[in-house]
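Colleague: this one's sequence-less:
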């Protein structure tokens, strides 16, 4: 691995000797190689050769990422394999139909190499998983934290889902290329990384209330690099290579944390549910916005909700009496049925309400302290976002306040994870004391 960063966490993970903070055996990840360097020009083939991807490699890009990096990678890898360029038209979407386009175009390949960021990477890792092929990725922007994860965000029949995929064999990040990405994409990556705080708080809440499996490992991975992003976010937009290295490492390590946990739990909770709702139901006339821009706004919202809930006395909860018919009315028959299957798995029963009431009465202070220690204050999140020029409110991501309020209220129905969106909703629906 090439990585000029100070801590050797990545090296340890690739070797299989990173100490598990949860007390298990040393951790090894399925990714074979990670390169994060000021420049990878001229060494692309040297990085890919040890992966033994096969004699025919599909190089997947879009019209923009092909110009940014794809043509260079294609020339370099031509010495290793027969390259099958797959250039997706327009602005591709990470949906089931585009996955099938990638699968058909790469049918004759032994492996896939993605050249792009979130959409291209998700399409390739999911297509590779469906076809049982290996893949690697050359990043073109520091815009999201899914490069090294084993799951892909894919829209299936209108429902944005996190689906099992395949880990990349290699993740290659040229810091000069990342620094030259559009400023909005750099800000999006910062926005996606800041959700560590709200996602950890949501996951801890579920752990304390329902015994959901929880691990410290994915958050320990990020501890060395997060302070630099919080202390000087402006450096990312100035092209500071060490600031970009910290962001790139954070995005890779966040993805590896998801892989270690077997799902997106440590990096995708209430804030991502809000973003998923936006993806699914935002007005068609709305200009395109990056995933990380939406997550930035949603993370600030979640931080405020979490603070408000934790500042209150022990909650009194009464579960919302949601029905399949109501979800189908809100979301349409097909998406509503899918949402019902997710929400029904966590909908509280009267027995569950009574158990939570007793749990809160006995242990609310301990729960509040535990969750609070994981959080970054909402005021600091806002300050970091503002200093980097990131969006902080719905109008800055092309949404009306009314739509965004609806998104926050309905996001909890999209997935079976219990987050502060659920607790806040169940508190609002508590029975009147009169």
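Modeller: Done, it's in. This structure is a prediction, so every number in the text was calculated from the model and none was measured.
Colleague: would you mark the buried spots in the host helix or strand of residue 357?
Modeller: Using DSSP states H and E, residue 357 sits in helix 350-374. Of all the residues in helix 350-374, those buried under the rule 16 or more other Cβ atoms under 10 Å are 353, 356, 357, 359, 360, 364, 367, 368, 371, 374. For glycine as for every other residue, the C-beta is placed from the backbone atoms N, C-alpha and C.
Colleague: measure the first one to residue 321 for me?
Modeller: When Cβ to Cβ, to the nearest Å is the yardstick, residue 353 and residue 321 sit 11 Å from each other.
Colleague: how many neighbouring residues does residue 316 have?
Modeller: When neighbours are defined as other Cβ atoms under 10 Å, residue 316 has 16 of them.
Colleague: isn't there a helix covering it?
Modeller: No. Under DSSP: H, G, I helix; E, B strand; the rest coil, residue 316 sits outside any helix and is assigned coil.
Colleague: could you list the domains of this structure?
Modeller: Domain assignment for the chain by automatic domain parsing gives 2-183+208-261, 265-428.
Colleague: model confidence over the shortest one, on average?
Modeller: The reference is to domain 265-428. Average pLDDT, domain 265-428: 95.
Colleague: quick one: terminal-to-terminal distance for it?
Modeller: One end of domain 265-428 sits 25 Å from the other (Cα to Cα, to the nearest Å).
Colleague: same question, stretch 255-272
Modeller: Stretch 255-272 has its terminal residues 15 Å apart, counting by Cα to Cα.
Colleague: residues of it that come out buried?
Modeller: By 16+ other Cβ under 10 Å, the buried positions in stretch 255-272 come out as 255-261, 263-272.
Colleague: and those residues, which of them are in helices?
Modeller: With helices taken from DSSP state H, the overlap with the buried residues of stretch 255-272 comprises 255, 256, 257, 258, 259, 260, 261, 270, 271, 272.
Colleague: OK, contacts around the fifth one?
Modeller: Yep, that's residue 259 we're talking about. Each residue near residue 259 by Cβ atoms under 8 Å, 6 or more residues apart in numbering is listed here: 29, 30, 31, 148, 149, 150, 167.
Colleague: any idea which of these has the most stuff around it?
Modeller: Using other Cβ under 10 Å as the neighbour criterion, residue 149 leads these with 29 neighbours.
Colleague: ok, now which ones touch that residue?
Modeller: Residue 149 is in contact with 165, 167, 254, 255, 256, 258, 259, 264, 267, counting by Cβ under 8 Å, 6+ apart.
Colleague: which SSE is the residue nearest to residue 271 when sequence neighbours are not counted in?
Modeller: Computed as Cβ to Cβ, 6 or more residues apart in numbering, the closest residue to residue 271 that is not its neighbour in sequence is residue 298, at 4.0 Å. In the assignment (DSSP H and E), residue 298 maps to helix 291-311.
Colleague: show me what counts as buried in that helix.
Modeller: Residues of helix 291-311 classed as buried by neighbour count (16+ other Cβ under 10 Å): 291-307, 309-310.
Colleague: in the stretch 51-200 of the chain, which spans are helices?
Modeller: Here the stretch 51-200 of the chain has its helices, by DSSP state H, counting those that start in this stretch, at 63-65, 71-77, 96-105, 118-131, 175-179, 183-194, 196-210.
Colleague: can you redo the ones you listed as a markdown table with mean neighbour count?
Modeller: Listed next are the helices of the stretch 51-200 of the chain as a markdown table, based on neighbours: other Cβ atoms under 10 Å:
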| stretch | mean neighbour count |
| --- | --- |
| helix 63-65 | 18 |
| helix 71-77 | 19 |
| helix 96-105 | 17 |
| helix 118-131 | 25 |
| helix 175-179 | 21 |
| helix 183-194 | 26 |
| helix 196-210 | 23 |
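Colleague: residue 284 is nearest to which of the ones you listed?
Modeller: Of all the helices of the stretch 51-200 of the chain, it is helix 96-105 that lies closest to residue 284, at 16.8 Å by Cβ to Cβ.
Colleague: the closest one packs against which elements?
Modeller: strand 56-62, strand 82-88, helix 118-131, strand 151-156 (3 or more Cβ pairs under 8 Å, 6 or more residues apart in numbering; DSSP states H and E).
Colleague: where's residue 382, which helix or strand?
Modeller: Assigned by DSSP H and E, residue 382 falls within helix 378-388.
Colleague: report the lowest-confidence entry in the contacts of residue 149.
Modeller: Among the contacts of residue 149, residue 264 has the lowest pLDDT, at 90.
Colleague: surely the residue nearest to residue 271 is in contact with residue 276?
Modeller: No. Contact criterion Cβ atoms under 8 Å: residue 298 and residue 276 do not qualify, at 9.5 Å.
Colleague: out of the domains of the chain, flag the one nearest residue 192.
Modeller: Of all these, domain 265-428 sits nearest to residue 192, with 3.9 Å by Cβ to Cβ.
Colleague: how far does that closest one sit from the chain's center?
Modeller: 15 Å (Cα atoms, centre = their mean, to the nearest Å).
Colleague: what do you get for stretch 31-47?
Modeller: 23 Å.
Colleague: list the buried residues in that stretch.
Modeller: Here stretch 31-47 shows 31, 32, 33, 34, 35, 36, 37, 40, 44, 47 as buried, counting by 16+ other Cβ under 10 Å.
Colleague: the nearest residue to the third one once chain neighbours are set aside: neighbour count?
Modeller: For residue 33, the nearest residue in space outside its immediate sequence neighbours is residue 170; the separation is 4.1 Å by Cβ to Cβ, 6+ apart. By the criterion of other Cβ under 10 Å, residue 170 has 22 neighbours.
Colleague: pLDDT at residue 170, what is it?
Modeller: You'll see residue 170 listed with a pLDDT of 97.
Colleague: and the gap between it and residue 384?
Modeller: Using Cβ to Cβ, residue 170 is found at 31 Å from residue 384.
Colleague: do residue 102 as well
Modeller: 36 Å.
Colleague: give me phi/psi at residue 347?
Modeller: Dihedral angles of residue 347 (phi, psi; degrees, to the nearest 10) stand at phi -60, psi 130.
Colleague: sounds good, over and out.
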